[in-house]
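Peer 1: what's the 3D shape of this:
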Amino acid sequence: QVQLAESGGGLVQAGGSLRLSCAASGRTSPAMGWFRQAPGKEREFLAGIRWSGGDPVYADSVKGRFTISRDNTKNTLYLQMNSLKPEDTAVYYCAASRLLYLLTRAQGISSWGQGTQVTVSS
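Peer 2: Okay, the predicted model is just below:
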């Protein structure tokens, strides 16, 4: 089973940028992605990608502002977040799944990271 550890969260002003990282160790899964959960809300899929390549998948809420990428040599997943808004404030999680389409539905998740807090001030 893959172990995941996120980093890079913090406090940023609206309009700013952050880059999150997710280091994967152990037996990695084919698909990886990012989710977030704001207080009182359900966990929300943001972006997903396969280690093997292919086009990433994004939720409409972040398309054009967030970019998911991976570094296979470092077993690390990234989420570049630009033009941040106060409504982006949440705990951000990375996740692993055997299939990308399952991951986009928050199904078949084999591992979750511990989460990293992102706070966007207005």
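Peer 1: Could I get the full set of strands for the protein?
Peer 2: For the chain, strands defined by DSSP state E occupy the ranges 2-7, 10-13, 18-26, 31-37, 44-50, 57-58, 66-71, 76-81, 90-97, 109-112, 116-121.
Peer 1: Between those strands, which one is closest to residue 103.
Peer 2: Residue 103 lies closest to strand 90-97 among these, at 3.8 Å (Cβ to Cβ). C-beta here means a position set from N, CA and C on the backbone, and glycine is covered the same way.
Peer 1: contacting residues for residue 85?
Peer 2: 14, 120 (Cβ atoms under 8 Å, 6 or more residues apart in numbering).
Peer 1: thought residue 97 was touching residue 45?
Peer 2: No: the pair residue 97 / residue 45 is not scored as a contact, 10.7 Å apart, by Cβ atoms under 8 Å.
Peer 1: Which residue, neighbours along the chain excluded, lies closest to residue 29?
Peer 2: residue 96 (3.8 Å; Cβ to Cβ, 6 or more residues apart in numbering).
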